[in-house]
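Participant: Could you work out the structure for the sequence below:
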Amino acid sequence: MGWTSEEAVGHRTTPGDLDIWRNSEDRKKLIADITAHGEVTDLKAEFKHKDGHIVIGLMSARVIEIDDTPCILSVTRDITEQIHAMEKKKAFEKQMLQVQKLESLGVLAGGIAHDFNNILTAVIGHCELAQQRLSTESPALENLRQINMAAGRAADLANQMLAYSGKGKFVIEPLDISGIISEMMHILSVSVSKKAILRYDLARDLPSVEADATQLRQIVMNLVINGSDAIGDENGVIAISTGVMECDRSYLQNVQLEADLSPGRYVFFEVADTGCGMTQETMLRIFEPFFSTKFTGRGLGMAAVLGIVRGHGGAIKIYSEVDKGSTFKVLLPSSTLVPVKPAITPDISP
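Facilitator: Model (predicted):
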């Protein structure tokens, strides 16, 4: 505990003296068990070190007599490092299970979406042929138009499923993320609620990232719209920032998605909102296809975000606290190539 024998002898372990017990209930349990049984075996308890940090101990104690005086002989072993190692191992295993689960869902979603797209191609093609063969006066034209629209929406869902599985079509080129977001400012401003204020902190002269511009726009749009939905009818702020950082292995171990990213230089963009935040349970399921906390949500927006980031060899770091807001940081490997100015695609579906 950090105390010398001179400082400890003659003193009590209770508050107002040495005060080494972090939880007073542990001391009460020790006394109760010794009183009832004469001994205690393997009592795990937390203790306060003299310098303030917490030590986890495994304690055994029994009543003995010295010169006809009952005394307590106790031995406590420091198991702090073992406990922390076990916790890290459990966290890593949990992360690996989540990655495997998402991978399996990705394979399933990709297979379904691919076959579904082939069927929709035939539906849309025959629908357009039928429209061409009918006269402009035919009452069936409106029915065919509705069929075409419904099939188009289904194709959009299939494409989002393909994006989640990492099998979407990417056009890779060196890009400036700050430039991409700057070009989106107008469409972002009309896509969020009137209660949400957009704030930008876009770094200049960022290294490029090798990515698909349309897919990056979809990530930004999805995250911003989710932030707007989290703010809801309250006044709030959505902050969008970009930057570059050196990521070591310990930092990359705590990201969503990839469990074995290489340390190095990463370009990031971050979307933070002051909305309702997420529970731990929601954070664990947020990237699952068809999981949504919105009444009208389809549960594919964040699934598509994950697939796009995975397809670009990046990762996502999430911070969230209920009633305080959420922050999503997307990390992408930096490139030494000169960024190009991509063509603007105004039609971005969340």
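
Participant: Sort out which residues of stretch 133-146 are buried, please.
Facilitator: Within stretch 133-146, the residues that qualify as buried are Leu144, counting by 16 or more other CB atoms under 10 Å. For every residue, glycine as well, the C-beta is placed using N, CA and C.

Participant: check contacts around Val322.
Facilitator: By CB atoms under 8 Å, 6 or more residues apart in numbering, Val322 lies in contact with 276-279.

Participant: For it, give its distance to Gly277.
Facilitator: Relative to Gly277, Val322 is positioned 4 Å away (CB to CB, to the nearest Å).

Participant: again, but for Ser135
Facilitator: 57 Å.

Participant: circling back to that earlier point, from the contacts of Val322, which is closest to Glu81?
Facilitator: Thr279 (30.9 Å; CB to CB).

Participant: nearest residue to that closest one other than its sequence neighbours?
Facilitator: Val322 (6.0 Å; CB to CB, 6 or more residues apart in numbering).

Participant: hmm, back to that, only whichever of the contacts of Val322 are buried, select them in PyMOL.
Facilitator: Applying 16+ other CB under 10 Å to those leaves a buried subset, and the PyMOL line that selects it is:
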select buried, resi 276+277+278
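
Participant: Dump the contacts of Val322 into a markdown table; add pLDDT, distance to Thr41 and secondary structure as well.
Facilitator: Shown next, in a markdown table, are those (pLDDT from 0 to 100; distance: CB to CB, whole Å; DSSP: H, G, I helix; E, B strand; the rest coil):
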| residue | pLDDT | distance to Thr41 | secondary structure |
| --- | --- | --- | --- |
| Cys276 | 90 | 47 | coil |
| Gly277 | 91 | 43 | coil |
| Met278 | 91 | 42 | coil |
| Thr279 | 89 | 38 | coil |
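
Participant: With respect to Ile318, which of the contacts of Val322 is nearest?
Facilitator: Met278 (8.1 Å).

Participant: what sits against that closest one?
Facilitator: 286, 320, 322, 326.

Participant: Between which two of those is the distance greatest?
Facilitator: Ile286 and Val322 (13.9 Å).

Participant: to the chain's geometric centre, what's the distance from the helix or strand containing Leu43?
Facilitator: According to DSSP states H and E, Leu43 maps onto strand 39-48. Centre-to-centre, strand 39-48 and its host chain are 36 Å apart (CA atoms, centre = their mean, to the nearest Å).

Participant: Adjust the sequence numbering to begin at 36 for everything that follows.
Facilitator: Shifting the count to begin at 36 puts that one at strand 74-83.

Participant: domain parsing for this protein?
Facilitator: Domain assignment for the chain, taken from automatic domain parsing, gives 40-113, 121-200, 208-368.

Participant: deepest of those domains, which one?
Facilitator: Comparing the domains of the chain by mean neighbour count (mean count of other CB atoms under 10 Å), domain 208-368 comes out on top with a mean of 18.

Participant: distance between the ends of that one?
Facilitator: Taking CA to CA, to the nearest Å, the first and last residues of domain 208-368 lie 13 Å apart.

Participant: likewise stretch 162-180?
Facilitator: 8 Å.

Participant: And for it, what's in contact with it?
Facilitator: Stretch 162-180 has contacts (CB under 8 Å, 6+ apart) with 182-183, 186.

Participant: Could you rerun that using 6 Å?
Facilitator: Contacts of stretch 162-180 with the rest of the structure, by CB atoms under 6 Å, 6 or more residues apart in numbering, involve 182-183.
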